[in-house]
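In: predicted model and sequence below, questions to follow.
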Amino acid sequence: MIEAVMLWNEPNNKSHWNPELDPDWSIYADTVIRAGRAIRAANPTLTRVLGGMSPIDPHWTNRMRAHGALEEVEVVAVHGFPLDWNLWPIHAWPDKIAEIEAVAPDKQIWATEVGVGSFGAEEVQVFGVEKTAELLVGRIPNVYWYSLFDLPQSWGAETRHREAEGSSYYRHFYMGLIREDGSPKPGLEAYRPHASRMGLMQWFHFHDPRLDDAVRIMRDLGVRKLRTGLSWADSFRPGAIDWFDRQMEALAEFDTLVTFCFTPEHLGLEAHHTSPAKEPQQFADWCQQMVERYAPAVTAPRIGVPA
């Protein structure tokens, strides 16, 4: 069941939104406003989430409010990887949450990607799972661990600044609780006691062969909350709706936050999935279509009127 929709992934990170084409994020804000209204029209009860910010930045949040984007979401989301890429220690998680609460007191704050990789040592990831759960579960309504599976190295990581990342680039391939070969890391058992209260964030690529294994493992762990995504760019591939239908049907037993993102090359200001759309209303229209298909509004029968 889809319980919430996120509008883009990490829009303040140049790996996912091109700041040279939208330096003040006014196009992104316009995209959120249009998509937020379209989603509200399709299903007024669906929770709308601002694209999870990475880095966590209260100044960017204020910019979104100034542009009017916060009026069309109920949740402001943050992403943090303090032992891999961020310049703050893992113990600062409550302080980072408080920074956003201070500038968005009228919104819920969700941590829609939290993670610690096993790049340095798998024991570090075990510590990261336990410490993150201790600091965030119960502190905010929803927390999602990134991720269940390691990203296969042959697939590459979504980043526009691989050269600047240096050796940190390779950390992208060690964020899962399960290795690329399918074997579990110690972090998987560390996560198990928290599975019912700390959800998982897992991307599924087009025709991802790991989908059924993911469902089986999440069911075994007792996972209730899942964050995943549907790609606007993939929607133009042959057979896209069949894949989307299969993905959403397979994940129906979880309370799912679905992220809508990735610009089709032919619809962007530049031919890249991180580009703002030439016509943001086209993204909004697609969001509305996806909500109508996978999370339609439920109309209660009127008293005395047969359903």
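Out: Perfect, thanks for sending it. None of these values were measured; they are calculated from a predicted model.
In: low-confidence stretches in the stretch 51-200 of the chain?
Out: The model of the stretch 51-200 of the chain has pLDDT under 70 over residues 159-167.
In: mind redoing it with 90?
Out: 85, 153-172 (pLDDT under 90).
In: now do the helices in it.
Out: For the stretch 51-200 of the chain, the helices defined by DSSP state H, counting those that start in this stretch occupy 58-66, 93-103, 122-136, 162-165, 186-191.
In: redo these as JSON lines? Include mean neighbour count and distance to residue 112.
Out: C-beta: built from backbone N, CA, C; applies to glycine. Output for these, formatted as JSON lines (neighbours: other C-beta atoms under 10 Å; distance: least, C-beta to C-beta, whole Å):
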{"stretch": "helix 58-66", "mean neighbour count": "16", "distance to residue 112": "14"}
{"stretch": "helix 93-103", "mean neighbour count": "17", "distance to residue 112": "12"}
{"stretch": "helix 122-136", "mean neighbour count": "19", "distance to residue 112": "11"}
{"stretch": "helix 162-165", "mean neighbour count": "12", "distance to residue 112": "22"}
{"stretch": "helix 186-191", "mean neighbour count": "19", "distance to residue 112": "17"}
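In: a markdown table please, covering those and showing distance to residue 13.
Out: Formatted as a markdown table, the helices of the stretch 51-200 of the chain follow (distance: least, C-beta to C-beta, whole Å):
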| stretch | distance to residue 13 |
| --- | --- |
| helix 58-66 | 10 |
| helix 93-103 | 15 |
| helix 122-136 | 20 |
| helix 162-165 | 12 |
| helix 186-191 | 24 |
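In: how about those, which one is nearest residue 246?
Out: helix 186-191 (25.3 Å; C-beta to C-beta).
In: against which helices or strands is that closest one packed?
Out: Packing partners of helix 186-191 (3 or more C-beta pairs under 8 Å, 6 or more residues apart in numbering; DSSP states H and E): helix 122-136.
In: neighbouring contacts of the helix it packs on?
Out: Contacts with helix 122-136, where a contact means C-beta atoms under 8 Å, 6 or more residues apart in numbering, come from 83, 90-91, 93-94, 97, 111, 114-118, 143, 145, 177, 185-187, 190-191, 194, 197-198.
In: stretch 22-39 too?
Out: Under C-beta under 8 Å, 6+ apart, the answer for stretch 22-39 is 5, 7-8, 11-12, 17, 19, 21, 46, 48, 50-51, 60, 63-64, 67-69, 71-73, 260, 276-277, 280-281, 283-285, 287-288, 291.
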